[in-house]
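S.K.: Provided below for reference: sequence and predicted model.
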Amino acid sequence: MIDMKNVHYVIDGVLAIAVVILFVLHFTGNKQAGNSSKTSISSVEEFTSNLPVAYIDADLLLEKYFFSIDLNEQILKKREDASAYLTQQARNFQSAYESFQYKLQNNAFATQQRAEQEAQRLQQQQQELQEMEEKMQMELMEEIQRLNIQIRDTIVSHMEEYNKEKHYHIIFSNGSSNTVNPIITANEEYDITDEVIEFLNKKWISK
C-alpha cells in the first residue's frame with residue numbers, strides 16, 4: 001500500500017518556498033533616494049524604532065487560508081481513493097492466490113503445465129499490482145508538487161497586491177514548515193499573520 005508517511009501534504013513547506021524572504025517592490029522610492037545623504041539622527045532613531053518589516057506565521061496561515069484548506073482536502077481525497085482502489089486490488093489478488101493454493105493442494109489442475117501457467121499468471125498479477133502502487137504514489141507526489149506551486153504562486157501574487165498599501169520592505173516567513181526558520185525571536189507588533197489571512201480569504205471568497 002502507499003506509505004503515506006512519505007507523502008507531504010500541501011501545508012508542508014509551501015511557505016518555505018513562497019515567502020521565506022519576500023522582497024516586495026522597491027526598498028526605497030525615488031524620492032527617498034534623493035534625500036538619503038541627509039539622514040538625521042532623529043530620523044534614524046524613528047526608522048529603527050518601527051522597522052518597515054513584518055513576518056507571517058507560515059503554519060497558521062496555511063492552516064486557516066481557505067485555498068490551502070481546499071487543496072489539502074483534494075490531496076486527502078486523492079489519497080483515500082488511491083488507497084481504497086489498491087486495497088480492493090490486493091484483496092482480489094489474495095482471493096485468486098488462495099483459490100490457486102486450494103486447487104493445487106487438492107490436485108484440481110488437469111495437468112502440471114496448467115498449474116504452472118496459473119502460477120505464472122498470479123506472479124504477473126502481483127508484479128502489476130506493485131507497479132500500479134508505485135505509479136499511483138508517484139502521481140500523488142506529482143499532484144502535491146503541482147498544488148504546492150499553485151498555492152505558492154497565489155500567495156506571492158496576493159502578497160504583492162497586499163503590500164502595495166502596506167509598503168513593507170521585507171516580509172519574512174516563520175514557522176515549523178520552514179526548513180530553516182529565519183526568525184529566532186520577534187516582537188509581536190511585526191506579526192501580520194491574522195491580517196494577511198483575512199486578506200487572502202477575502203480574495204478567495206470573492207473569486
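M.R.: Arrived safely, thanks for sending.
S.K.: Give the rounded mean pLDDT of stretch 85-97.
M.R.: Regarding stretch 85-97, the rounded mean pLDDT is 95.
S.K.: so which strand or helix has residue 101?
M.R.: helix 66-105 (DSSP states H and E).
S.K.: which helix in the chain runs the most residues?
M.R.: Determined from DSSP state H, the single longest helix within the chain is helix 112-166.
S.K.: just how off-centre is it within its chain?
M.R.: 14 Å (Cα atoms, centre = their mean, to the nearest Å).
S.K.: Next secondary structure after it?
M.R.: Later in the chain than helix 112-166, the nearest helix or strand by DSSP H and E is strand 170-174.
S.K.: can you state the direction angle for the helix or strand that that following strand is followed by and helix 66-105?
M.R.: Using DSSP H and E, the next helix or strand after strand 170-174 towards the C-terminus is helix 193-205. Helix 193-205 runs at 70 degrees relative to helix 66-105, counting by axes from the mean of the first three to the mean of the last three Cα atoms, to 10 degrees.
S.K.: packing partners for helix 193-205?
M.R.: In terms of contacts (3 or more Cβ pairs under 8 Å, 6 or more residues apart in numbering; DSSP states H and E), helix 193-205 is packed against strand 53-57, helix 58-64, helix 66-105, helix 112-166. C-beta: built from backbone N, CA, C; applies to glycine.
S.K.: Can you lay out these as CSV showing distance to residue 202 and mean neighbour count?
M.R.: Listed next are the helices and strands packed on helix 193-205 as CSV, based on distance: least, Cβ to Cβ, whole Å; neighbours: other Cβ atoms under 10 Å:
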stretch, distance to residue 202, mean neighbour count
strand 53-57, 16, 21
helix 58-64, 13, 21
helix 66-105, 10, 14
helix 112-166, 10, 14
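S.K.: Turn those into CSV, columns for distance to residue 206.
M.R.: Listed next are the helices and strands packed on helix 193-205 as CSV, based on distance: least, Cβ to Cβ, whole Å:
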stretch, distance to residue 206
strand 53-57, 21
helix 58-64, 17
helix 66-105, 11
helix 112-166, 11
